[in-house]
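In: I would like the atomic coordinates for the input below:
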Amino acid sequence: MTLHPQQQRELFILLIYIAVAAGIGTIIGYSLLFIIINLLAYILYQFHHQFQLHNWLLDRSKTPPEATGYWGEIFNEIHLTEKERRKNRERLRLLLTRFQDAAQALPDGAIILTKDNDIEWANQTACTMFGIRAELDIGQKINNLIRHPKFQKYLIKKDYSKSITLSRPMHPEHKLEIHIVPFGSKQKLVLCNDITHIAQLEAMRTRFISNVSHELRSPLTVIKGYMELLSDDDDKHSVSDYQKKVFTNMSGQVQRMDRLVEDLLTLTKLETESVKPNEEINVASMLTAIRDNAEVYGKDKNQTVTLDADSKLNLIGDNDEITSLFSNLVNNAVRYTPEKGQIKIHWHKQGEQAIFSVTDTGPGIEREHLSHLTERFYRVDSDRSRESGGTGLGLSIVKHVLDRNDGQLDIDSTPGQGSTFICRFPAQRIVTR
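Out: Down below sits the predicted model:
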């Protein structure tokens, strides 16, 4: 072990004391006694400085004890360390104060939770949003103060990849977007944003689309009636090939507009209506009917549509919405799969989840398009989509239905080989017979 120069000096002084005591004791005939007396004096000297050190450590606001030699250096080093610690503590205090001031000034609410979901800190905006009293509610569990069922479920689920929207307590006309961000040692940061203005604009947009769609239904119905009348007249009167082509194109466009209006009304209904009471759905029977319709729909292409469904696996949800969900995905597969293509429909249990999947041998989709497919009117190939009769709203309807029924959509596609659309439903939505 290497000794510090000051330690070496202290050890050298001790050896000199012992040597001097031994020399004097030898002269007077009591060498051992003198050595013992000097060692006791040295020990008392060390104890004296230890007591001084301990008393100072108990009250560091005082100046350090005066001492020379080795103890003087010890006191000085501890004093310097204490000064540095005080500087760092003051620096951290200032940083914390600035952080709290900045967090208090945020227009959004912020709440820090412990690993047990106790409120550790909340800014004034969050306190106002949720009626939290900072002086009384710090240390309380947040789910005792925010009792909204949707928030309780979000907190327990521990899947914070998406935010949720709630009505503000005591002010239901105000809408709050809440996002939980895990950090540190199992702590959580709850971020709250008032999106009332955005929600009002969204409601205006939804009402506008709904009103326009309803207004379009009447003239479309009249036009469809006249087109059917003109088509009947084609068989009774001589009509040129050009006129027949015009009538056929007009009839196709009217049908497309009619489907577009129906899809817009369906989306509006999903966005504005509350979730209906759930019921048990016989999925295997439903998929059999959808498969039969798909075979009729794609008979001109000589497609093969197969179904593999677990007849004992049922689903809890809204029957009409689930039918629309599965039909949209199967019809899309039929629409975009070329002649003599294959479409495979599966319904089975995988782990704790129920899985519905549709696999086709269509042209496939490039990866950069996959994340945008559920956006309204998003088209990978606009011309091909219009030619096939698509409205660009089918997958938007699928996404809304899944959100309302706790489902999740995954898309796997390889250009030139085909696509697979997968719907996953959680354990609480499954009934096994």
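In: show the pLDDT at the closest residue to I195 other than its chain neighbours.
Out: Computed as CB to CB, 6 or more residues apart in numbering, the closest residue to I195 that is not its neighbour in sequence is E177, at 4.7 Å. No exception for glycine: its C-beta is placed from N, CA and C like everyone else's. In this model, E177 is scored at 88, pLDDT.
In: look up phi and psi at E177.
Out: Torsion angles at E177 (phi, psi; degrees, to the nearest 10) stand at phi -100, psi 130.
In: after the longest helix along the chain comes which helix or strand?
Out: The single longest helix within the chain, with elements called by DSSP state H, is helix 196-236. Moving toward the C-terminus from helix 196-236, the next helix or strand (DSSP states H and E) is helix 241-272.
In: check the offset of that next one from the chain's centre.
Out: Centroid separation for helix 241-272 versus its chain: 38 Å, with CA atoms, centre = their mean, to the nearest Å.
In: average pLDDT for it?
Out: For helix 241-272, the per-residue pLDDT averages 77.
In: buried sites along that helix?
Out: Neighbour-count burial for helix 241-272 flags 247, 251, 254, 257-258, 260-261, 263-268, 270 (criterion: 16 or more other CB atoms under 10 Å).
In: which secondary structure elements does the helix or strand containing S327 contact?
Out: Element membership for S327, per DSSP H and E: helix 319-336. For helix 319-336, the elements it packs on are strand 279-281, helix 283-297, strand 342-350, strand 353-360, helix 394-404, strand 418-425, judged by 3 or more CB pairs under 8 Å, 6 or more residues apart in numbering; DSSP states H and E.
In: at 6 Å instead, please
Out: Where contact means 3 or more CB pairs under 6 Å, 6 or more residues apart in numbering; DSSP states H and E, helix 319-336 is packed against strand 279-281, helix 283-297, strand 353-360, helix 394-404.
In: which strands and helices lie in contact with the first one?
Out: Going back to what we said before, that points to strand 279-281. strand 313-317, helix 319-336.
In: in its sheet, what does it sit against?
Out: Its sheet considered, strand 279-281 pairs with strand 313-317 (antiparallel) by DSSP bridges.
In: okay, now T391: neighbour count?
Out: Neighbour count for T391, taken as other CB atoms under 10 Å: 21.
In: cool, and V283?
Out: For V283, the neighbour count with other CB under 10 Å is 24.
In: likewise for the one 10 residues further on?
Out: Counted with other CB under 10 Å, the neighbours of N293 add up to 15.
In: once you drop chain neighbours, what's closest to it?
Out: S327 (7.5 Å).
In: the one you found touches A289, doesn't it?
Out: No. With contacts counted by CB atoms under 6 Å, S327 stays clear of A289, the gap being 9.3 Å.
In: the more surrounded of those two?
Out: S327 (19 against 12).
In: against R335, how distant is the more buried one?
Out: 12 Å (CB to CB, to the nearest Å).
In: and what of R367?
Out: The gap separating R367 from R335 is 21 Å, by CB to CB.
In: higher neighbour count, the two?
Out: Using other CB under 10 Å, the more surrounded residue of R367 and R335 is R335, with 20 against 11.
In: what about K224, how many neighbours?
Out: 15.
In: repeat for Y160
Out: Residues near Y160, counting by other CB under 10 Å: 17.
In: hmm, it is touching I180, no?
Out: Yes. In this structure, Y160 is within contact of I180 by CB under 6 Å, at 4.3 Å.
In: which SS class is C192?
Out: Classification of C192 by DSSP: H, G, I helix; E, B strand; the rest coil places it in strand.
In: swap that for S311, sorry
Out: Assignment for S311 (three-state DSSP): coil.
In: surely it and A284 touch.
Out: Yes. If you go by CB under 6 Å, S311 and A284 touch, sitting 4.3 Å apart.
In: tell me which of the two has more neighbours.
Out: A284 (16 against 12).
In: tell me how far that one lies from R91.
Out: Taken as CB to CB, the span from A284 to R91 is 67 Å.
In: same thing with S185?
Out: 23 Å.
In: which one of those two is surrounded by more residues?
Out: Shown here are S185 and R91; by other CB under 10 Å, R91 has more neighbours (10 against 6).
In: pull out the buried residues from the strand or helix carrying that one.
Out: For R91, the host element (DSSP H and E) is helix 69-105. With burial defined by 16+ other CB under 10 Å, the residues of helix 69-105 counted as buried are Y70, W71, E73, F75, A103.
In: can you tell me the closest non-neighbouring residue to the last one?
Out: Counting by CB to CB, 6+ apart, N123 is the residue found nearest to A103 once chain neighbours are left out, at 4.9 Å.
In: show me what contacts that neighbour?
Out: By CB atoms under 6 Å, 6 or more residues apart in numbering, the contact set of N123 is A103, Q104, A110.
In: phi first, then psi, for it.
Out: Dihedral pair for N123: phi -80, psi 170, per degrees, to the nearest 10.
In: kindly give the local confidence score, pLDDT, for it.
Out: With respect to pLDDT, N123 scores 86.
In: next one: K245 from L395, what distance?
Out: Shown here: K245 relative to L395, a distance of 32 Å by CB to CB.
In: ok, L155 next?
Out: In terms of CB to CB, L155 sits 30 Å off from L395.
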